[in-house]
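> 3D model of this:
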Amino acid sequence: MKRIVTLLVGCLCVFAMKAQNGVMVANFDDVVPYEVGSWGGITIDYDAAPAGSLASGQMLVVSVPANNEIASFTISLNETLDPRDYVGVSFDGQISEADGVSFVLKLHQSSDPGHENSIQDWDTWAKYTGGGEWQNVHIPFNVVNESLDGKYDEDPDFPVDQYDQIEFQPGPWENHAAFTLNMDNVMLRYDWEEEGNGIPLTKVAAFILMTVNGTITATSVDGNPVSLKVYSISGQEIANGVNQVQVGVKGAYIVKAATGKANLVQKIIVK
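Numbers count the residues shown, from 1 in each chain. Okay, the predicted model is just below:
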């Protein structure tokens, strides 16, 4: 089953809502634009979230067949992303009649129907371990970004920022009985500030960011010029430059630093 949700509110940033530690991909409440599709025996439905759960409003209901091998569902967006800007993806999930369900993650580009540009993680097996309760599940991008870096190394013109499909494979090859996954609040994460059960990202110290008297300065460890973009917490770009930018107002900002290969997105406090 596939459902197309239309945009009902204005969008000032990459997606329609931006939280302090991430970007909301889909909350299934007709707020952000997305399309959900499935294959291999998985069926998709929607239901009201139960009171008192991590979910709110409407939630996605994913029915997974018994002994799932490669059945999956995909959230397709109408905006593209560079996965190197994020530590991973999280969602609020609840699974009935099955515990310890792992998730395999894939990222695709809709402009690449043959999936030659896809990146995937068959190594991490991030798990829902909530025992029937609601849990915030973290799936880190460590492995998919390593794959992406390899593609970039082979071809500096590789379209690293054109990913617009997130595929989830729940419990592949784990021989579970049929189960239902309730899902809400799928978010691309800048960090893992909230408690979760994912594997933490080990960041490479590729950049040094400093703030002095309202000036944000970036230095790369390899000496290459650093492109800087500064965003308000609400997601609006307010400044950009190379190696250094000036912001006139004290407060919290999101800073994106990039050298062409390495990216860093970090929250900065300007005092």
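> end-to-end on stretch 28-38?
Stretch 28-38 has an end-to-end distance of 16 Å (criterion: CA to CA, to the nearest Å).
> repeat that for stretch 161-179.
34 Å.
> quick one: average pLDDT of that stretch?
Throughout stretch 161-179, pLDDT has a mean value of 94.
> which residues are contacting stretch 160-169?
Residues external to stretch 160-169 that are found in contact with it (CB atoms under 8 Å, 6 or more residues apart in numbering): 25, 68, 70-84, 89, 103-112, 117, 119, 148, 151-152, 186. Any C-beta I mention is one placed from the backbone N, CA and C, and that applies to glycine too.
> among those residues, name the buried ones.
Those of the contacts of stretch 160-169 that meet the buried threshold are 25, 68, 71-77, 81-84, 89, 103-109, 117, 119, 148, 152, 186, by 16 or more other CB atoms under 10 Å.
> inside strands: which ones of those residues?
Residues of those located in strands (DSSP state E): 25, 72-77, 81, 89, 103-108, 119, 186.
> run through the stretch 151-271 of the chain and note the low-pLDDT ranges.
193-207, 221-222, 234, 260-263 (pLDDT under 70).
> the helices in it, which residues?
With helices called from DSSP state H, counting those that start in this stretch, the stretch 151-271 of the chain shows none.
> and this structure, what are its domains?
As assigned by automatic domain parsing, the chain contains the domains 3-189, 207-270.
> looking at those, which is buried most?
Of these, the one with the most neighbours on average (mean count of other CB atoms under 10 Å) is domain 3-189, at a mean of 18.
> show me what contacts the residue nearest the centre of the chain?
The centroid of the chain falls nearest to L188 when counting by CA atoms, centre = their mean (2.5 Å). By CB under 8 Å, 6+ apart, the contact set of L188 is 22-23, 25, 81, 85-86, 88-89.
> ok, now how distant is the spatially closest residue to T215 that is not a sequence neighbour from L228?
Using CB to CB, 6 or more residues apart in numbering and skipping residues adjacent in sequence, the residue nearest T215 is Q246, 5.3 Å away. In this view, Q246 and L228 are 11 Å apart by CB to CB, to the nearest Å.
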